[in-house]
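Trainee: I'd like to go over a predicted model; first the sequence, then the structure.
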Amino acid sequence: MRYWLMKSEPDVFSIEDLKKKKSEHWDGVRNYQARNYMRDEMKRGDKVLFYHSNCKPPGIAGIAKVVKESYPDHTAWDKKSPYYDAKSNAENPRWFMVDIAFVKKFKNYLSLHELKNIQKLSEFKLLQKGNRLSVFPIEKAEFEYLQELGEKV
DNA sequence: GCCAACGTTGGC
DNA sequence: GCCAACGTTGGC
C-alpha cells in the first residue's frame, strides 16, 4: 500500500463535501506529473491525506482512500467544462483520474503553519519550497505520524 | 492583491 | 532544443 497527499481548494471541494458524497472522482488534474502518479501508481486501497489549499488557513483536513484506479478524465473532452482540453478525446485520452472515498475528518486540523514548526517534518515534501504539485506520494512514516497528530485532541 | 516558483507554449 | 513570454498555483 502506498500513501499520498492530494490538494483541494475547500471552496471548490472540501473534506466535508467528500464526507457528504462518500466518494468522488478526482477530475480536473491538468499537470503531467500529478497525472502520472494517478494513472500509473495509485492503487485501490491506498491512503490519502486530504489537504485544503488556497484557504485560511491551509492545512491537512483528514484522510481518504483510493476506491477506483485510474480511468480517463472525461471532463477534458466536455466543451462546457472548465477543464476542457481540445487535445484530449475519448480515443486518445490525455488526462486521467481516480475515485477516492471519505475515511475521516481529523479532530485536530493540521494547519500548514503548525506543520512548519515540527522538526520531524523538515523533509516533508508539502513543506518544501515551490511545491505546487496537487498529487504526490508521501512516506508511510509521515502518513502515520500525521494521522496520529490529526487524531489527537 | 502580490508575487515567487513553477509549468507550458510556440517562435526560431 | 533553446528560451522568452505567458499562465497557474498557492502562501502570505
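Mentor: Noted; the coordinates are in hand.
Trainee: Please list the residues of chain A that sit near DNA strand C.
Mentor: Residues of chain A found near DNA strand C (Cβ under 7 Å from any atom of the strand) are A:7, A:9, A:30, A:53-55, A:58, A:112-113, A:116, A:132-134. Where you see a C-beta, it was placed from the backbone N, CA and C, and this is true even at glycine.
Trainee: Can you say which of these are buried?
Mentor: A:7, A:30, A:53, A:58, A:133-134 (16 or more other Cβ atoms under 10 Å).
Trainee: Most widely separated two among these?
Mentor: A:R30 and A:P58 (20.6 Å; Cβ to Cβ).
Trainee: List the buried residues for the strand or helix carrying A:E148?
Mentor: Here A:E148, judged by DSSP states H and E, is contained in helix A:140-151. Neighbour counts over helix A:140-151 (16+ other Cβ under 10 Å) mark A:142-143, A:146-147, A:149-150 as buried.
Trainee: Could you save these as JSON lines and add columns showing pLDDT?
Mentor: Formatted as JSON lines, the buried residues of helix A:140-151 follow (pLDDT from 0 to 100):
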{"residue": "A:E142", "pLDDT": "96"}
{"residue": "A:F143", "pLDDT": "97"}
{"residue": "A:L146", "pLDDT": "97"}
{"residue": "A:Q147", "pLDDT": "97"}
{"residue": "A:L149", "pLDDT": "96"}
{"residue": "A:G150", "pLDDT": "96"}
